[in-house]
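> Provide a 3D model corresponding to the input given below.
(one chain, ligands or ions: 1)
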Amino acid sequence: MGQLVTIDNNRNANADVPPVQHYQAYRPRPFTREQREETTILFGGLTWKHERLMQGALHNLKYKAEPLPNIARQDLDAGKELIDVGACCPTIFTTGSLVNFLKTEVKLHGKDDVNKKYVYLTAGACGPCRFGQYHESYAMALDGLGLKDFRLFLLAQDELDQGENGGGGLDINMPLSLGLIWSILCGDVITDMEYATRPYEVNPGQTDAVLKDCIEHMYTVFNQRPDHGKKLGTLAWHLTTNYFTKALREVRRKWDAIEVDRTRVKPRVKITGEFWLQTHEGEGNYNIKQWLEREDSEVVPPPVAVWLHYLMHPVIRKLEHRHSTSKYPKRDELLLQALERIYVATYNRFRKALGNIPNELPDQLELKNLAEPFYHFELRGGEGHMLIGKALYAYHHKKAHMICELSPYSCMPNTMSIGSMANVIGKYPDLLYAPIEVKGDAEVHALSRCQMILTEAKKRAQAEFEEVLRKTGITLAAIHEFEKHHPEVRRATYKVPHKGYSGTSTNYVLHLVQDLGMARA
Ligand code: SF4
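Purely as a prediction, here's the structure:
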């Protein structure tokens, strides 16, 4: 919501020279400490699970907070009307979502009330892609709506303690930042459980019901998080407490009730792509994850935690190469490396509490090295080299049969990565890769493109399963008979180790034979 400010330059005393009009960037009106009780913080951009847990962390700190409604197709139209026509599809969708919410509220309560009642909190960064300019699009849309006085604030991704923001109503301190990060990590591991379970559930709908119950349980856990001060005390507590692992063990206990049939052969589809598009579950990406499950596959979802992990690495690389202005680069490098180890260890503690069913975080150095021949790690913007790295990681480690890369229309970083993937496919022609361009309004085209690669992935999943049955001499009937005597293997919380194949059912058969001693009938 920049504005033109007229400066009277009559010092020139030249009537022919028009007054100079300087551009001034949007600055929100203050959000004061006294307004906190009657002001609701709006936020969004992740899945409903992550957002509900984040809401718990915000309520815990006595903020009123509400996620925006899940993205819908009409948000695309609302966004297109009000912002730059060349904007990328995630910018259009997320701006449109805010616009539609505010339009409804204005109709109900009037502009003055909406300006008083709400502020919008969004992540921000400085970077070569439009992510660094989202707030400018929001500001432009607010201007178009006649809501110049509406307040939006940026939560920088790289600072845990940014202090009081624009009037003290919002204090971006350690308890807030750690609460939000921990809720994201918990949201990630539970989402991994969800996608590993639903395709194999015996009673349709049970996974979703248990999931809902677990998210509400975790909401309460975040809402009742104990207070340990604003600085180091709260940091130390988050890093050492078993408060969250205990809560996740309760999630695991609830999950135990779900019975699964892992002999259903399904291709595993690893979702990669632009951050917002790959994380989103809704019409912003044609509900592609649900569609893939309906098409009889198992989705490997992208955790937000990988992105947060990625953000640490450019700083570490700069310090390693002494391309930093730090006075003590070695010390800072060691500190950051220690922080990285603590971060991964925390994620692993959460995974362990859920029986190690959620996938491990990929090693960032390995992602960089895998991508190196095709995409330089210093090319930032979007997910940078990670798209190449993740595809090759899944391929080499046999984590998935195919990669579905969700690329937003009008996104420069993703266009570069798709170009580089042509080179990767030249070198690894058997890597099944489906780059899907998402415009928001070309669903049939996008899904049918995905379906072509998925057909091949299904054949591979079936072929490897039959190969293992043949080699082991085991039949499906024999497996079901074995399961009757070992009911624990049909629980959703039972961990099937990776046995070198991409498919869950293939690894399952090998595990029964090699580790549990199941013999030929
Ligand atoms: S990565 Fe692409 S889609 Fe995402 S914000 Fe940047 S330009 Fe837009």
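
> who in the stretch 301-450 of the chain is up against the ligand?
Counting by CB under 6 Å from any ligand atom, the residues of the stretch 301-450 of the chain close to the ligand are 382, 408, 411, 412, 413, 414. Glycine gets a C-beta too; all of them are placed from N, C-alpha and C.

> could you point out the longest helix in this protein?
The longest helix of the chain (DSSP state H) is helix 443-472.

> please identify the buried residues of the very next helix or strand once past it?
Helices and strands here follow DSSP states H and E; after helix 443-472, the next one along the chain is helix 476-485. Using 16 or more other CB atoms under 10 Å as the test for burial, helix 476-485 gives 478, 479, 482, 483.

> can I get helix 476-485 in PDB, CA atoms only?
Extracted in PDB, the C-alpha atoms of helix 476-485 (Å, rounded to 0.1, in the frame of the first residue of the first chain):
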ATOM      1  CA  LEU A 476      -0.800 -63.400  -0.100                       C
ATOM      2  CA  ALA A 477      -2.900 -66.100   1.600                       C
ATOM      3  CA  ALA A 478       0.100 -67.100   3.600                       C
ATOM      4  CA  ILE A 479       0.800 -63.500   4.700                       C
ATOM      5  CA  HIS A 480      -2.800 -63.100   5.900                       C
ATOM      6  CA  GLU A 481      -2.600 -66.300   7.800                       C
ATOM      7  CA  PHE A 482       0.700 -65.200   9.400                       C
ATOM      8  CA  GLU A 483      -1.000 -61.800  10.300                       C
ATOM      9  CA  LYS A 484      -3.700 -63.700  12.200                       C
ATOM     10  CA  HIS A 485      -1.100 -65.000  14.600                       C
END
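
> and the longest helix of the chain, what does it pack onto?
strand 268-273, helix 288-294, strand 402-408, strand 432-438, helix 504-514 (3 or more CB pairs under 8 Å, 6 or more residues apart in numbering; DSSP states H and E).

> wait, what's in contact with the residue in the stretch 401-521 of the chain that the ligand sits nearest to?
Taking CB to the nearest ligand atom, the ligand has its nearest neighbour within the stretch 401-521 of the chain at residue 411, 3.0 Å off. Residue 411 sits next to 88, 89, 90, 129, 130, 274, 382 when contact means CB atoms under 8 Å, 6 or more residues apart in numbering.

> okay, and which of those map to helices?
Checked against DSSP H, the contacts of residue 411 include these in helices: 89, 90.

> any chance of the contacts of residue 411 in a markdown table, with pLDDT too?
Formatted as a markdown table, the contacts of residue 411 follow (pLDDT from 0 to 100):
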| residue | pLDDT |
| --- | --- |
| 88 | 88 |
| 89 | 89 |
| 90 | 90 |
| 129 | 73 |
| 130 | 70 |
| 274 | 92 |
| 382 | 83 |
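
> contacting residues around the nearest residue to residue 440 once chain neighbours are set aside?
Closest residue in space to residue 440, ignoring its immediate chain neighbours: residue 76 at 4.1 Å, by CB to CB, 6 or more residues apart in numbering. Neighbouring residues of residue 76 by CB under 8 Å, 6+ apart: 89, 92, 93, 96, 440, 441.

> tell me which of the residues you listed fall in helices.
Members of the contacts of residue 76 lying in helices (criterion: DSSP H): 89, 92, 93, 96.

> how many other residues sit next to the third one?
Spelled out, that is residue 93. A count of nearby residues for residue 93, using other CB atoms under 10 Å, gives 29.

> swap in the first one?
Residues near residue 89, counting by other CB under 10 Å, number 26.

> for the stretch 201-350 of the chain, which residue gets nearest to the ligand?
Taking CB to the nearest ligand atom, the stretch 201-350 of the chain has residue 274 as its residue nearest the ligand, at 4.5 Å.

> that residue is in contact with residue 408, isn't it?
Yes. Counting by CB atoms under 8 Å, residue 274 touches residue 408, with 5.0 Å between them.

> not counting residues beside it along the chain, what's closest to residue 355?
Using CB to CB, 6+ apart, the closest residue to residue 355 is residue 493 (4.8 Å).

> related to what we said a few turns ago, from residue 213, how far off is the residue of the stretch 401-521 of the chain closest to the ligand?
Counting by CB to CB, to the nearest Å, the gap from residue 411 to residue 213 is 37 Å.

> ignoring the adjacent residues along the chain, who's closest to the residue nearest in space to the middle of the chain?
Geometric centre of the chain, nearest residue: residue 304, 3.4 Å, by CA atoms, centre = their mean. Leaving aside its chain neighbours, residue 304 sits nearest to residue 184 (5.0 Å; criterion: CB to CB, 6+ apart).
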